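>>> Quick one, what's the 3D model for this:
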Amino acid sequence: MLNPLLLVVEDDLNLAQLLEYNLNKAGYRCHLSSTGEEGFEELSKKSFDLVLLDVMLPGMDGFELCRKIRQHQVYKDIPIIMVTAKGEEIDRILGFELGIDDYVVKPFSPRELNLRIRAILKRDRRQGGKTEELLKAGALEVDLTRHIVTLDGKELVLTLMEFKLLVALLKRKGEAQTRERLLSDVWDVDKNINTRTIDTHITRVREKLGETGRMIKTVRGLGYKFEEQEGDDHAG
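Residues are numbered from 1 along each chain as shown. Predicted coordinates:
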């Protein structure tokens, strides 16, 4: 079996070559692209296992490239790690809202990056091996195989992170889950990610589910749970 193929989109040639050297040493194959446009074009030429994406790129920036990947029918499930000097919370939140899988702030150690890549690829293989599965709650259906959410027979448009969050809640219906556990399930938890990220995504998922969103209950001082029975929401 061939080693995982990574697309590295980085306009700093020295850093790109350093990444390539360390990733090759860790057992990965790499293809380097210096612009967002070039990186997106490369996706049509090879079957990549993961994208390492800088934010500050000439022309199309990393956020826009991430958005294009997530909106593309063929590429939308490719794992994305943003590797960037932009470490402010607002940038991290924007990245996760666009559907990235992890966020690594420069400077970083090659070992840390390797561990993060391995964790995501391992998780991705586990998910790829699942058999057809359908999660249901009232008129809500989540098709895990086709990655489709429908409500009353109408397909809903959710980001990758919103989809993963909804799945995590549905798989443990009736069970209260802490924000930290949801972070771990959906984002593989990162010390740089604030638990408020969960609150932001919960709000968005509730809005997209309409009345069904009331089934996502806030558990005061803890987190959230999905409960099909109607009842009063806990304050939180």
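
>>> Roughly how far does the residue most central in space within the chain sit from Gly59?
With distances taken as CA atoms, centre = their mean, Asp101 lies nearest the centre of the chain, 3.5 Å away. From Asp101 over to Gly59 the distance is 24 Å, taken as CB to CB, to the nearest Å. Backbone N, C-alpha and C define where each C-beta goes, glycine included.

>>> repeat for Ser34
Using CB to CB, Ser34 is found at 10 Å from Gly59.

>>> which one of these two has more residues nearby?
When Ser34 is set against Gly59 and neighbours are counted by other CB atoms under 10 Å, the residue ahead is Ser34, at 17 against 11.

>>> Alpha carbons of stretch 205-214, as CSV, please.
What follows is stretch 205-214 as a C-alpha-only set of coordinates in CSV (Å, rounded to 0.1, in the frame of the first residue of the first chain):
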residue,chain,number,x,y,z
VAL,A,205,-27.2,23.6,13.9
ARG,A,206,-30.3,24.5,15.9
GLU,A,207,-31.1,27.3,13.4
LYS,A,208,-30.8,25.0,10.4
LEU,A,209,-33.0,22.3,12.1
GLY,A,210,-35.8,24.8,12.9
GLU,A,211,-38.3,23.4,15.3
THR,A,212,-36.4,20.1,15.4
GLY,A,213,-33.4,22.1,16.8
ARG,A,214,-35.3,22.2,20.1
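
>>> what bridges to Lys136?
Going by DSSP bridges, Lys136 is paired in beta bridges with Glu141.

>>> what is the mean pLDDT for the longest helix seen in the chain?
As far as residue count goes, and with DSSP state H defining each element, the longest helix of the chain is helix 110-128. Per-residue pLDDT over helix 110-128 has a mean of 79.

>>> Can we start the residue count at 533 from this point?
Noted, 533 is the first residue going forward, which turns the last one into helix 642-660.

>>> So which residues make contact with the helix or strand of the chain at the bottom of the mean pLDDT ranking?
Per-element confidence for the chain was summarised using mean pLDDT, DSSP states H and E. The lowest value among helices and strands belongs to helix 642-660, with a mean of 79. Contacts of helix 642-660 from elsewhere in the structure, counted by CB atoms under 8 Å, 6 or more residues apart in numbering, are 536, 538, 551, 554-555, 558, 560, 581-582, 584, 611, 613, 615, 633-634, 636, 720.
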